[in-house]
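# Next one to model:
(3 chains)
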Amino acid sequence: MSYAVSIEKMDKVLKELKKKYRVYAPIRFEKRGRYSDTDLIRYAEIDSVKDVVYNEKSDFSPKEVIHPITQTLFHFTEYEYRESQIDDKEILIFAHPCDINGIKRLDTIFLENGNNEDVYYKRLRDKVKFVLMECQEDWDTCFCISMGSNQTDDYSLAIKFGEDQLSVEVKDNEFEGFFASEEEIDFTYKFVTANQEEVNLPKIDDKEMLKKVYDLKMWEDYNARCKDCGACTSACVTCSCFTTSDVIYSENGRVGERRRVWASCQHEDFTEMAGGHSFRNTPADRMRFRTLHKVYDYKERFGEEHMCVGCGRCTDRCNQLISFSKTINKLTEEVNRLQKEVN
Amino acid sequence: MSENISLPKPYKITDIIKETEIEYTFRVEADLEVEHGQFFQISLPKVGEAPISISGIGDNWLEFTIRKVGKVTNEVFELEVGENLFMRGPYGSSFPINEYKDKDLVVIAGGTGVSPVRSTLKYFYENSDSIKSLYLIAGFKDEDSILFEEDLEKFKSEFNTIYTLDKEKIDGFEVGFVTDHIAKVPFDSFENYNVIIVGPPVMMDAAAKEVLKNGVVEEKIWVSFERKMSCAIGKCGHCKIDETYVCLEGPVFNYTKAKDLLD
Amino acid sequence: MNHDINIGKLQRNCFRQSKVPGEFMLQMRVPGAVIDAKHLSLVQHVAETWGNGKFHIGTRQTFSLPGIKYENIDAVNEYIKSYIEAIEVELCDVEMDDTDKGYPTIGARNTTACIGNQHCIKGNFDTTSLARKLEKLIFPSNYHIKMSVAGCPNDCSKAHFTDFGIIGIAKMEYDYGRCIGCGKCIDACQGHATRVLSKSQGKIIKDTCCCAGCGECATVCPTGAWTRNATKFYRVIIGGRAGKQYPRMGKMFLNWVTEDVIMGIIGNWQDFSAEILEHKPIYLHGGHLIDRAGYDRFKEMILEGVELNPESEVAERIYWAETEYRANIHVKPVNK
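Numbers count the residues shown, from 1 in each chain, chains lettered A, B, ... in the order given. Next up, the predicted model:
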């Protein structure tokens, strides 16, 4: 069923929902952007649907709700490690289709890889339901169509935002009651069907080709261009890497917590072992690693789909103006050229 | 709720052996099913966790040889016998001991690379009937960095041993890198054999090339990788090389696979 | 040609004497150094009609038009009326009785500025907007003052070499939870700023004493853990100057003050100048004026009635470091 719902009514619904759910959506943090007098749009709990930024892409993805930037795993003393706790509230996330698909990629890593489930991810993920936000425009760095991530059916509500009214499709019966008294309308969510940006994916058939890809000159460009800040991986909805470390409370050095924080394969210490040895020691190596993970080896491992969902945030957030879609296209051109040389 | 496999458990330290100034072996009481070449995530007080390979396996004990490098593994050196070492594991793949049985085995180990292969060596030392011959080439940087001196001495009686130091000349040790001595192994006389290579990345590469040059086929070579890991269960991403997670598919790889793991 | 010209009067009208007798260079004010490009056609017309066809990008960011003959000055002044009104009256809200006769005073010089955050990734605020607000306070006045507005502590506009240099600084706020401890901010602070950041237990700690307020940490932070407090803060450098005798770099007078404080102190400048100069608007560099008053008296008078925001820091005393172009230049014979 779909309904026309006023902002006021939706806020009342939200107030009700918040008794059971933490409701997260992309919201605007004025003047908190990277540069002076620019805004930051990121996920946070909302008090009103008016806070939801639906017509601009958020700088950061919703992954931080389920895979927090900093997360306490254990509290420990010298005698025991006790698992950290979270509260009972369920979670509702406003998200575009690419992000919902991105979180499916995170599910693969956290719930399937190694045939084990990550307790910390799972305990949050199990609580999540999605409110699908309609993409009212195709932003110029989006390439979800190329990645096949422009559609999803994993949502409870689908919303099209209007000036003072929302069109709401209720897919999950749990929420039907909230809208029963509203005007029924003929609204079905429209997925975007075209992007300005189109990406051609590389076809790397065997390890021989992979080795040639490793040796491509194109990576070397990034030695000068990439400053390995890791903004791309932080913005990426599918980047899941983290580093675990212990924090000791200064008042009692034998008590503390074990936590994990996001890590970035673009940082030079990502592979650094005790003793200092590390791998992939240039920005070029690391750019190659990230690119191949997103459009080659994740799929090699898990079979179905590429890791990248084409949200384009890595491009948006790169302060050196490196476009990931252009990087992929360049790679594909090179692979095609190599392919021709073989044949 | 599902079991939290990241939860470290306490194991009592029963012995601490000072191998070198910077390498200690910790023996803990543990009755666990483990295989040669696997590793544990050991909780290092005030630091966090680090993957440490099993260097010894006993009836109800395990040994871990930990190197004091950087700040990461320093705090553990303050632990004493009777205290607990928190750890979780075992993780990862292992050396296929059964496949090595009744054949010739060549073990090439450099520096701390001796640790992950030590339990395998000890196994065949104690069960020398189950192996046709074992050639051990162990190399260290200098006299101060020699590990497991007692074991090395004992091994001489059952194995064909070549011990070497990079530059120093002392009794019982040759001079040079392990690769300099590979040609001394009579590969031609073996009917069926395996080669284990463990050590720093550069050494493993060089040694693999050298044994291949001696006519060894890739399928017969086994290596053990060392990578940064935070989780050891395929989540943290640090150890990934292309589609391979060293913590899951490794650390022990057959060379047919390892040769494609580029970094 | 007329050889009887009151060059002092013309200077006050912003026409500067040329080495060619009877020729002058008009200096048109551009407070904050940014205006619509459409004004260039007027500048071009003046230069080609009455000047020598050239223009100099003035060292104080004026449009400086040389080669204007004395007899054409009235015509020029009439022609630039629309420019003066567009810039001074409309953009800067300056109260002017008369715009027919060109610029009424040259005392307060054009306020220079870098492009600031209208464009620059390092800029911490809109320098031009502030310069325009300052213009209303200082113009027209016969009392001399030179100011420069810099968008960040890089100080590309050389706020350190002017009477009042105003530098935009940002109060950086740190979100502990968002920080991934990558240390990019530490590197940035080390490379560009005052090395106030370091790592402890996987997160960042800051020596708040010496943060330059540049915002480099936010520029490089991958997760948005560092952000600028939305309030704009400023550092005020005073007493910098060039000159033949004893140039010197200015010194910090105020730190972490808000725009209200800036408006307050610059608003007090004329009264301070008048008092120290006994109400004679003679040409004296601001630095010399502060020297004449003494720093304590300057501080007291310039902060008169100004409410300092709680974050403010004020220099207790200032030790100038001059470049003396002859030894002991301030030591002079008693009889002269």
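# C-alpha from now on. contacts and neighbour counts both.
Will do.
# the helices in chain A, which residues?
Taking DSSP state H as the criterion, chain A carries its helices at A:7-17, A:63-66, A:97-107, A:119-125, A:144-147, A:176-179, A:207-214, A:221-225, A:231-235, A:283-292, A:298-302, A:313-317, A:324-342.
# Would you reformat those helices as TSV and include mean neighbour count?
Putting those into TSV (neighbours: other Cα atoms under 10 Å in any protein chain shown) gives the following:
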stretch	mean neighbour count
helix A:7-17	16
helix A:63-66	20
helix A:97-107	24
helix A:119-125	18
helix A:144-147	22
helix A:176-179	16
helix A:207-214	15
helix A:221-225	14
helix A:231-235	27
helix A:283-292	22
helix A:298-302	18
helix A:313-317	23
helix A:324-342	16
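# can I get those in a markdown table with mean pLDDT and distance to B:E21?
Listed next are the helices of chain A as a markdown table, based on pLDDT from 0 to 100; distance: least, Cα to Cα, whole Å:
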| stretch | mean pLDDT | distance to B:E21 |
| --- | --- | --- |
| helix A:7-17 | 95 | 62 |
| helix A:63-66 | 98 | 44 |
| helix A:97-107 | 98 | 44 |
| helix A:119-125 | 97 | 39 |
| helix A:144-147 | 96 | 54 |
| helix A:176-179 | 93 | 70 |
| helix A:207-214 | 94 | 40 |
| helix A:221-225 | 96 | 40 |
| helix A:231-235 | 97 | 40 |
| helix A:283-292 | 97 | 36 |
| helix A:298-302 | 96 | 43 |
| helix A:313-317 | 97 | 47 |
| helix A:324-342 | 95 | 48 |
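# Same list, those helices, but as CSV with distance to chain C please.
CSV is the format used below for those (distance: least, Cα to the nearest Cα, whole Å):
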stretch, distance to chain C
helix A:7-17, 26
helix A:63-66, 9
helix A:97-107, 18
helix A:119-125, 16
helix A:144-147, 23
helix A:176-179, 34
helix A:207-214, 26
helix A:221-225, 14
helix A:231-235, 4
helix A:283-292, 15
helix A:298-302, 23
helix A:313-317, 8
helix A:324-342, 16
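# Which one of the ones you listed lies nearest to B:S230?
Comparing the helices of chain A by their distance to B:S230 (Cα to Cα), the top pick is helix A:119-125, with 14.4 Å.
# any residue of that closest one up close to chain B?
Yes. For helix A:119-125 and chain B, the contact criterion (Cα under 8 Å from any Cα of the partner chain) is met by A:V119.
# Give me the most central residue, chain A.
With distances taken as Cα atoms, centre = their mean, A:V237 lies nearest the centre of chain A, 1.1 Å away.
# Quick check, it in contact with A:D99.
Yes. A:V237 lies in contact with A:D99 (Cα atoms under 8 Å); the separation is 6.4 Å.
# intersection of neighbour lists for those two?
Common neighbours of A:V237 and A:D99, using Cα atoms under 8 Å, 6 or more residues apart in numbering or on different chains, are A:61-62, A:311.
# which ones are touching C:I180?
Contacts of C:I180 (Cα under 8 Å, 6+ apart): A:69-70, A:261-263, C:202-203, C:223.
# Chain B next: which of those are close?
Subset of the contacts of C:I180 in contact with chain B: empty, counting by Cα under 8 Å from any Cα.
# Report the two of the residues you listed separated the most.
C:G202 and C:T223 (14.7 Å).
# These two - which one has more neighbours?
Set C:G202 next to C:T223 and count neighbours by other Cα atoms under 10 Å in any protein chain shown: C:T223 wins out with 25 against 20.
# Secondary structure element holding that one?
Here C:T223, judged by DSSP states H and E, is contained in no helix and no strand.
# Same question for C:V43.
helix C:40-49.
# what's the following helix or strand after that helix?
Next in line after helix C:40-49, if elements are assigned by DSSP H and E, sits strand C:56-57.
# if I look at the most centrally placed residue in chain B, how far off is chain C?
Closest residue to the average C-alpha location of chain B: B:P116 at 1.4 Å, with Cα atoms, centre = their mean. Between B:P116 and chain C the distance is 30 Å, computed by Cα to the nearest Cα, to the nearest Å.
# Quick check on that residue: phi, psi?
Dihedral pair for B:P116: phi -60, psi -20, per degrees, to the nearest 10.
# Make sure I have this right: C:G165 is in a strand.
Yes. Counting by DSSP: H, G, I helix; E, B strand; the rest coil, C:G165 falls inside a strand.
# how about the strands of the stretch 151-300 of chain C, start to end?
C:164-169, C:172-174, C:197-200, C:203-206, C:226-228, C:233-238, C:251-257 (DSSP state E, counting those that start in this stretch).
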